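**Q** Sequence plus the predicted model coming up.
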Amino acid sequence: MIDRKQVGVSDDNKSGRTAREAAYIACAIVVIAIFAYVFTDPFVVTLAGYTCALALFALSINIILGGVGEVPLGQCLFFGVGAYGAAIGMGKVGLPFELAVLIALVLSVALAAIIGVITLRLTGAYFSIVSWGLTGVAMVAATNLEEITGGPLGLFGFPPIEIGPLQLSDPQTYFAVTATILLLTILFLVALRRSPFGAAMNSVRQNPHLARSVGVDVARVRLKAFMLSAPFAALAGALAVPYTQIVTPEVFSVANTVDGLLMVLLGGAQLVVGPVIGAAMFTLIPQAMNLDPNVRILVFSSIIILIMMFAPGGLHQLGVALRDWFGRKIDDDRSR
Amino acid sequence: MELLAQTLVNGLVLGAGYAVIAVGLTLIFGIVGIANFAHGAFFAMGGYACYLLTSQGLNYLAAVPLSVLIVVIIGALTELIVIRRSLYGDSHHGSLIVTFALGQAAVAGLILVFGPDPLPVPSPLGQSTMRFFGIFVTSQRAFIFVCSVLVLGALGLWLRLSIKGQQVVAVAQNARGALYSGINVPWIRALAFVLGVAAAGLAGALLAPISTIYPTMGYGALIVGFTVVILGGMGSIPGAMLGALLIGVANALFETYVSVSWTPALGWALVIATLLFRPQGLLGRLQQHRH
């Protein structure tokens, strides 16, 4: 499996770890603040905000992929629930954005509970195929239920989107809000990983039979992880709406999930911020190099194949391997 | 009555096409042990190879076997370069991601080379129809049906009667036991992979004239293939054939009597019902430690 090597935190003591993490968080806040005030080009700042929303989606995928070790090809279902929830709540019912999103989040968790009970008995390819199939059903439903979803054309023309006093139509506010939510999510996931539940997920991924034998309720852990991942995907879907300004049945397309999966795999599934790094690479590099979307898919898919063949832990694993290699070299030199 | 008979015949013809796709998929699953998410891409390649050959002036009937040959070559190279190296390890979701990425890369490549728009593939059988007992079948559909039945029949006989075929069956039943009996398991796996994708390519070439070809045509085929294979039981070849006919007929009936726009959801409803009540599929064997 992926984790031949745990990410190297085991060797330092706890207070050192906390201090280092506080420093990381401070750095992240400073970087976000600098970014929001240095870059004034609305396009770049909005794109950065959208990238944060996508990173949130990638994190949701990674709760399943890096957490319990399944490939959630149907995760865009919850992304779509968030996007449609926000769009229908605002556009059709006239709710404020935050209330619509809240309802969508609750709905996504309930949906995850139902779907999880049915699909999580399956493992491996079966789980992936069936969850993919459910998004297909969702896409057909979104296309056909025209009174609610606007049919194939989707929903558009929303009132200005705002959370309390924060205007999400303003690029810098949009970026600040999505980046803050992303940062909070990362902190939550770090805490989750350290919690007993994180350890339980780890054991379920590495060896479900062994986990069961030491008293971990495998089915329950998998269902909880699934239900936990859903609201993050829904939140990502809702936060993408201010950027896309339209919600069509295409949000349920498997291509959406695949983008998220590519982000996770590029960054590495075993690092909490791996998906965020992957999301940044996935959106910013093609933008900077002005790549055709198909060239982008071709290049990133090929990279994924190479990564899976040679470094199944993601690019981060290559980094660790290089660090170890240099570290050993230095040790060798010292011992001489 | 006549409408019902016509619908059933349409369903059977549709099912025969599905069966070729699904048998390839189930062969790869049963023997290589991976769910080949790149299957749809090989289906599309079959269609595009057929387009390339016919646009060079070759007759469609000659182009079909040559397209299969092209897909066989691409499939063998894929097996050699990627599948063999990355999938026989122990990472159980690695194969899924690698084959999915392969499919994505192939579709993106097709879009870059041929463009995203649908292209026509001319067939000498054209739009002519045949009529049996008051039921209409277009010649191309009849051709698809006959080819599918012949290919599936030949495959069944080969598996049952030839030594290589028996070795394939042995690997599907118990790979380790087959290895201990002196069967060259890696070679059989490569053979099964190439045969499986060749079936996908054949289906692509056969269906190209009636559906036109476009780069993402494989996704539909892949989804249908998976629904059929899960319904019939993963790894079971008779199951795949039965599942294909069932889904073909069910789709045709649903389109005629209920709703065209909701038909794509029908296959998944059947699959979910199957997994709830008979997780091993209609004709599948119960397997405990296989993913």
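**A** Sure, I can see it. Numbering: from 1, shown residues only, chains lettered A, B, ... in the order given.
**Q** Show me which residues of the stretch 101-250 of chain A sit near chain B.
**A** Contact residues (C-beta under 8 Å from any C-beta of the partner chain) of the stretch 101-250 of chain A with chain B: A:118, A:121-126, A:128-130, A:132-134, A:136-137, A:140-141, A:143-144. The C-beta positions use only the backbone N, C-alpha and C, and glycine is treated the same way.
**Q** And those residues, which of them are buried?
**A** A:122-126, A:128-130, A:132-134, A:136-137, A:140, A:143-144 (16 or more other C-beta atoms under 10 Å in any protein chain shown).
**Q** quick one: which of those sit in helices?
**A** Residues from these lying in helices, with DSSP state H as the criterion: A:124-126, A:128-130, A:132-134, A:136-137, A:140, A:143-144.
**Q** Would you verify that B:Val121 is located in a strand?
**A** No. Under DSSP: H, G, I helix; E, B strand; the rest coil, B:Val121 falls outside any strand and is assigned coil.
**Q** So what's the residue count around residue 27?
**A** Reading this off chain A. By the measure other C-beta atoms under 10 Å in any protein chain shown, the count of residues near A:Cys27 is 10.
**Q** Switch to chain B, please.
**A** Neighbours around B:Leu27, by other C-beta under 10 Å: 27.
**Q** And for A:Ile34?
**A** Neighbour tally, A:Ile34, other C-beta under 10 Å: 10.
**Q** before we move on, back to that, from the ones in helices among the buried ones among the residues of the stretch 101-250 of chain A next to chain B, which single one is nearest B:Gly30?
**A** If you rank those by distance to B:Gly30 using C-beta to C-beta, A:Ala125 comes first, at 12.6 Å.
**Q** which one is the closest one nearest to, not counting chain neighbours?
**A** Nearest residue to A:Ala125, sequence neighbours excluded (C-beta to C-beta, 6 or more residues apart in numbering or on different chains): B:Ala35, at 3.4 Å.
**Q** residue contacts, that neighbour?
**A** Applying C-beta atoms under 8 Å, 6 or more residues apart in numbering or on different chains to B:Ala35 gives the contacts A:124-125, A:128-129, B:25, B:29, B:95-96, B:99, B:226, B:234.
**Q** and A:Ile103, backbone torsions?
**A** phi -60, psi -40 (degrees, to the nearest 10).
**Q** My read is that it contacts A:Gly85, right?
**A** Yes. Judged on C-beta atoms under 8 Å, A:Ile103 makes contact with A:Gly85 at a distance of 6.1 Å.
**Q** which one of these two has more residues nearby?
**A** A:Gly85 (26 against 16).
**Q** wait, isn't the more buried one in contact with A:Val101?
**A** Yes. Contact status for A:Gly85 versus A:Val101: in contact at 6.8 Å, counting by C-beta under 8 Å.
**Q** where do the contact lists of these two overlap?
**A** Listed contacts common to A:Gly85 and A:Val101 are A:234, A:238; contacts here mean C-beta under 8 Å, 6+ apart.
**Q** on that earlier part again, need the max-distance pair from the ones in helices among the buried ones among the residues of the stretch 101-250 of chain A next to chain B.
**A** A:Gly124 and A:Asn144, at 31.4 Å, using C-beta to C-beta across those.
**Q** Give me the distance between the two termini of stretch B:252-262.
**A** In stretch B:252-262, first residue to last residue: 12 Å (C-alpha to C-alpha, to the nearest Å).
**Q** Can you give the distance of that stretch from its chain's centre?
**A** Centroid separation between stretch B:252-262 and its chain, computed with C-alpha atoms, centre = their mean, to the nearest Å, is 23 Å.
**Q** and that stretch, does that touch chain A?
**A** Yes. For stretch B:252-262, a contact with chain A is found by C-beta under 8 Å from any C-beta, at B:261-262.
**Q** Next, the residue nearest to A:Ala125: phi, psi?
**A** Note on B:Ala35: its backbone torsions stand at phi -90, psi 110 [degrees, to the nearest 10].
**Q** Count the neighbours of residue 54 for me.
**A** Unless you meant another one, I'm taking chain A. Around A:Leu54 there are 28 other residues, counting by other C-beta under 10 Å.
**Q** hm, I was asking about chain B
**A** Neighbours of B:Thr54 using other C-beta under 10 Å come to 23.
**Q** Distance check, it against B:Tyr18.
**A** Counting by C-beta to C-beta, to the nearest Å, the gap from B:Thr54 to B:Tyr18 is 24 Å.
**Q** same thing with A:Leu153?
**A** Distance from A:Leu153 to B:Tyr18, by C-beta to C-beta: 31 Å.
**Q** Same drill for those two, tell me which one is more crowded.
**A** Neighbour count, other C-beta under 10 Å: between A:Leu153 and B:Tyr18, B:Tyr18 has more, with 28 against 12.
**Q** And the pLDDT at that one?
**A** With respect to pLDDT, B:Tyr18 has a value of 89.
**Q** cool, B:Arg285 as well?
**A** On the pLDDT scale, B:Arg285 is placed at 68.
**Q** Kindly report the same for the one 5 residues further on.
**A** On the pLDDT scale, B:Arg290 is placed at 44.
**Q** do the same with A:Asn62
**A** Predicted confidence (pLDDT) for A:Asn62: 92.
**Q** just checking, what packs against the helix or strand hosting it?
**A** Using DSSP states H and E, A:Asn62 falls within helix A:42-62. When contacts are defined as 3 or more C-beta pairs under 8 Å, 6 or more residues apart in numbering or on different chains; DSSP states H and E, helix A:42-62 sits against helix A:14-38, helix A:76-87, helix A:171-194, helix A:218-244, helix A:254-267, helix A:274-289.
**Q** let's see 7 Å
**A** Here helix A:42-62 touches helix A:171-194, helix A:218-244, helix A:254-267, helix A:274-289, going by 3 or more C-beta pairs under 7 Å, 6 or more residues apart in numbering or on different chains; DSSP states H and E.
**Q** ok, and what's touching it?
**A** With C-beta atoms under 7 Å, 6 or more residues apart in numbering or on different chains as the test, helix A:42-62 has contacts from A:35-36, A:39, A:72, A:75, A:79, A:171-172, A:174-175, A:178-179, A:181-182, A:185, A:189, A:229, A:232-233, A:235-236, A:239-240, A:243, A:260-261, A:263-264, A:269, A:275-276, A:278-280, A:283-284, A:287.
**Q** Please check those residues and keep the buried ones.
**A** With burial judged by 16+ other C-beta under 10 Å, the buried subset of the contacts of helix A:42-62 is A:35-36, A:39, A:72, A:75, A:79, A:171-172, A:174-175, A:178-179, A:181-182, A:185, A:189, A:229, A:232-233, A:235-236, A:239-240, A:243, A:260-261, A:263-264, A:269, A:275-276, A:278-280, A:283.
**Q** Is there proximity between stretch A:258-277 and chain B?
**A** Yes. Using C-beta under 7 Å from any C-beta of the partner chain, stretch A:258-277 reaches chain B at A:258, A:265.
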